[in-house]
Each structure stands twice: as structure tokens, then as C-alpha cells.
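[1] Take a look and give me a structure for this.
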Amino acid sequence: MPKIIYHARDGKVHEVEVDIGYTVMEGAIDNNVPGIVAECGGACACATCHSYIDDQWLEKLPPMENMEDAMLDSAEDRRENSRLTCQLEVTGELDGLVVTVADNGD
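    Numbering: from 1, shown residues only. Down below sits the predicted model:
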């Protein structure tokens, strides 16, 4: 199982194993990572799973779809490395992925 490393806003680091095929958001929810609110349950309709992806991983992710891009426009403090974790499916290639949780209003 790939390991995803979540940096929470409180400074704690959560290293969790996430099943292939799940999303980075689901991995956070299933492992009680604080700050990933996921109000819409992963439907790309709320931006409350907004996170910042470490630069070294950006090219390994699938391209951002228009819907995700539009939702990120409503997110607070959008950056070049912003992604919605509900749109990132975990694969073996993402073992070690590092994400920093954004301020999602939790």
C-alpha cells in the first residue's frame, strides 16, 4: 500500500497507508487527518479537501480537470501547487506523496 504523508496545519505529520484506487482525500478521512473536511464527500463540489502538493510530486499527478480548477477558484489561499485531494487517486507511483493541508474552514 502506498504511503501518503499529510502535514496538518497544527504542525503534526500523519504518515498513512492508503489503498490503491482510493483518493488522497479518502485516505485522510479514513485516518482522521485534521483539516480535510470533505463536505461534499468527494464530488468535487466544495473545495474543503484543498491541499498543497510538494513541488517534487506535481508532475507525477494527473492534469487538473476544468471542474477542479473552477472549484479551486473558491478555495482560500489558492497557490500554484493547490489541488483538491478528492481528485487525486492513489496509485503505486504516489508512494511517499507529501501534501500540506490548506485552511479548509474546519
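[2] contacting residues around the most centrally placed residue in the chain?
    Compute the mean C-alpha point of the chain, and by CA atoms, centre = their mean the closest residue is T85, 2.7 Å away. Contact analysis of T85 by CB atoms under 8 Å, 6 or more residues apart in numbering lists T23, V24, M25, A28, I36, C49, H50, S51, V99. Yep, even glycine has a C-beta here, placed from its N, CA and C like the rest.
[3] Check D19 too.
    M1, V90.
[4] thinking again about what came up before, what about the residue nearest to the centre of the chain, distance to H7?
    In this structure, T85 and H7 are 13 Å apart, going by CB to CB, to the nearest Å.
[5] residues bridging contact with the two, i.e. touching both?
    Common neighbours of T85 and H7 (CB under 8 Å, 6+ apart) are V99.
[6] Compare the contacts of T85 and tell me which has the most neighbours.
    C49 (32 neighbours; other CB atoms under 10 Å).
[7] Correct me if wrong: that one contacts N104.
    Yes: contact criterion CB atoms under 8 Å: C49 and N104 qualify, at 6.9 Å.
[8] Which neighbours do those two have in common?
    Common neighbours of C49 and N104, counting by CB under 8 Å, 6+ apart, are I36, V37.
[9] For this structure, give me the ranges with low pLDDT.
    By pLDDT under 70, the weakly predicted segments of the chain are 106.
[10] Could you pull out the helices in this protein for me?
    Using DSSP state H, the helices of the chain run over residues 24-30, 66-72.
[11] Among the ones you listed, show me which one is buried the most.
    Most buried of the helices of the chain, by mean neighbour count (mean count of other CB atoms under 10 Å): helix 24-30, with a mean of 23.
[12] Report all helices and strands that that helix contacts.
    For helix 24-30, the packing partners by 3 or more CB pairs under 8 Å, 6 or more residues apart in numbering; DSSP states H and E come out as strand 3-7, strand 13-17, strand 97-101.
[13] List the buried residues for the first one?
    If I follow you right, that is strand 3-7. Neighbour counts using 16 or more other CB atoms under 10 Å place I4, Y6, H7 of strand 3-7 among the buried residues.
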